[in-house]
Every structure is written in structure tokens, then in C-alpha cells.
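Trainee: just need the structure, nothing else, for what follows:
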Amino acid sequence: MTQHVHQNDNDEIRPEYDFSHGVRGKHHEAYRAGTNVVFLDPDVAKAFADSASVNQALRLLLQLARTNIPLDIQPDKPARPTSRAPRRAKKSKPVRAFRG
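Mentor: Next comes the predicted model:
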């Protein structure tokens, strides 16, 4: 893969980049606070009007998880799916005597 180098490459900003209305450090405080950016799928985003409603739903989910399943108790074996019947053991075929 060959990279093409422009003859007029220098440290100047290209004319198509317009930062004339930019604000320096606009998100600096939020970044220092450790804000996470999460992108919701469109169908999920339709259910929430703003970030406050997303936070409320997640807090409710956390509260439900804490009250129903203690975090310090781990199951002995993984849960099995309940949507299908358990498998049956195969029956062995009867042995036939050889008649020659």
C-alpha cells in the first residue's frame, strides 16, 4: 500500500477545516470528570427522551439486580436454558446372534 504525499504538506490547517466558531476546552471538565460516552441503537434511543431517563432506567436495573441476586453468591453450575426439553438418553440396540 503506497501513501501519496502532497507536495504542499506543511503544518498549516487545510482550508476545508473551519474552526472559527470553535470553543477551546469546551468538554475539558466533563472529560476530567470521567464522563463515558455511550451510543444507543436507534430502537433503544426512541424509548428515552434524554440522558436523565437513561440514567433512571439503569439505576432501576441495578437496584433490581442487587435485590434479587446477591453479588457474593455465585451459582455452582451455569443455568440451563428452560426453553427446550431435556435430552433423552439413547436406547441401546439389541444384539442379534449371527446365523450362518
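Trainee: so how far is residue 29 from residue 61?
Mentor: Separation of residue 61 from residue 29 (C-beta to C-beta, to the nearest Å): 28 Å. Where C-beta positions appear, they are placed from N, C-alpha and C, glycine not excepted.
Trainee: now for residue 92, how many residues are close by?
Mentor: The local packing of residue 92 (other C-beta atoms under 10 Å) involves 6 other residues.
Trainee: and the lengthiest helix in the chain, what's buried?
Mentor: The longest helix of the chain (DSSP state H) is helix 51-68. Within helix 51-68, the residues that count as buried by 16 or more other C-beta atoms under 10 Å are residue 54.
Trainee: please enumerate residues in contact with that helix?
Mentor: Helix 51-68 is contacted from outside by 40, 48, using C-beta atoms under 8 Å, 6 or more residues apart in numbering.
Trainee: quick one: average pLDDT of that helix?
Mentor: What helix 51-68 shows for mean pLDDT is 90.
Trainee: send the alpha carbons of the helix or strand harbouring residue 32 over as CSV?
Mentor: Per DSSP states H and E: residue 32 is located in helix 28-33. C-alpha atoms of helix 28-33 as CSV (Å, rounded to 0.1, in the frame of the first residue of the first chain):
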residue,chain,number,x,y,z
HIS,A,28,-12.5,19.6,29.2
GLU,A,29,-14.2,19.5,32.6
ALA,A,30,-16.5,16.6,31.6
TYR,A,31,-13.5,14.7,30.3
ARG,A,32,-11.6,15.1,33.5
ALA,A,33,-14.7,14.0,35.5
